[in-house]
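*Asks:* Sequence first, then the predicted structure, then my questions.
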Amino acid sequence: MTGGLTLKLVLCDIDHTLIATRGVGREIFGYCFEHATGHRMREQASVDGMTEPVIFRETAKLPGITSTRRMFEASASVSAQQHQLWAGDLRERGHALPGTARVLAADAALDDVEQTVVTGNIRGAAETKLQVSGLDSHIRFPIGGYGEDDDERAELVRTAIRRARHLLNTPIAPEDVLLIGDTPADIAAAKDNHVPVLAVATGRSTSTELQEAGADLVAPNLADPPP
């Protein structure tokens, strides 16, 4: 899957790349949104490729609420706990996407390769989602990039690379990294950092749309990844 790269770090998106929550994530977000704003969420803004703070802000705009960073932080403060409380629903209604466990295990077996996540989720939510899906054992969560770190996904890629360099005490160049995601936003974030990207058409974007967005490799899913 490295395509001739000197692979040291794999960055994975979570939702619709590794797992599907089948609506549970939206229900948890709605609870946290109401906790933070005092208003029931009747409609959620588009989530494809967006980070949690941006989704919160855009969702608040729909009914005319002027949100603040403090509101988002109030939402985030209960999100990790709510994901743990809803773990049973996530396990029963959600699932790991085809091939994800095998690919993560194969990457983990490679010498000197570490894997983490770059996700719009806050870290607590990310950890619970992957734990209940059985995908957490090969993920180094401390070196990931999360929704509470920044609004912009490209900055989350930079954050993860910086953390990996520091915590692993090793130089990591952009060409040593592979990002795996399912949206044009993932591709744009990778390109902004000169990082190769494997796009999987397991979300709302088609293979053609992902190719047109500039992915280096495109696969229908991780059950049938490129060599």
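*Replies:* Ah, there it is. Residues are numbered from 1 along each chain as shown.

*Asks:* Tell me where the chain has helices.
*Replies:* Along the chain, the segments classed as helices by DSSP state H run 24-37, 52-61, 69-85, 87-93, 100-108, 123-132, 153-168, 184-192, 207-212.

*Asks:* Using CSV, lay out the ones you listed together with mean neighbour count and distance to Gly147.
*Replies:* For glycine as for every other residue, the C-beta is placed from the backbone atoms N, C-alpha and C. Listed next are the helices of the chain as CSV, based on neighbours: other C-beta atoms under 10 Å; distance: least, C-beta to C-beta, whole Å:
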stretch, mean neighbour count, distance to Gly147
helix 24-37, 19, 11
helix 52-61, 21, 3
helix 69-85, 18, 7
helix 87-93, 15, 17
helix 100-108, 18, 21
helix 123-132, 23, 8
helix 153-168, 19, 8
helix 184-192, 22, 13
helix 207-212, 16, 22
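
*Asks:* now those helices as TSV including distance to Leu9 and mean pLDDT?
*Replies:* Conversion of these to TSV gives the following (distance: least, C-beta to C-beta, whole Å; pLDDT from 0 to 100):
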stretch	distance to Leu9	mean pLDDT
helix 24-37	26	96
helix 52-61	23	96
helix 69-85	25	96
helix 87-93	27	96
helix 100-108	10	94
helix 123-132	17	97
helix 153-168	5	97
helix 184-192	12	98
helix 207-212	21	98
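
*Asks:* So Ala160 is in contact with Arg140, correct?
*Replies:* No - Ala160 is beyond contact range of Arg140, at 9.7 Å (criterion: C-beta atoms under 8 Å).

*Asks:* one step back: out of the helices of the chain, nearest to Leu11?
*Replies:* Shortest distance between Leu11 and these, using C-beta to C-beta, is found for helix 153-168: 5.6 Å.

*Asks:* quick one: that closest one to helix 52-61, angle?
*Replies:* Orientation of helix 153-168 against helix 52-61 (axes from the mean of the first three to the mean of the last three C-alpha atoms, to 10 degrees) gives an angle of 150 degrees.

*Asks:* what's the closest non-adjacent residue to Leu156?
*Replies:* Take Leu156 and drop its neighbours on the chain: the residue closest to it by C-beta to C-beta, 6 or more residues apart in numbering is Gly145, 3.2 Å away.

*Asks:* okay, now that neighbour: neighbour count?
*Replies:* 29 (other C-beta atoms under 10 Å).

*Asks:* how close does it get to Asp186?
*Replies:* Per C-beta to C-beta, to the nearest Å, Gly145 is found 12 Å from Asp186.

*Asks:* quick one, domains of the chain?
*Replies:* Per the record, the chain has its domains at 9-20+95-219, 24-91, by automatic domain parsing.

*Asks:* can you list those in JSON lines and add distance to Pro225?
*Replies:* Formatted as JSON lines, those follow (distance: least, C-beta to C-beta, whole Å):
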{"stretch": "domain 9-20+95-219", "distance to Pro225": "5"}
{"stretch": "domain 24-91", "distance to Pro225": "20"}
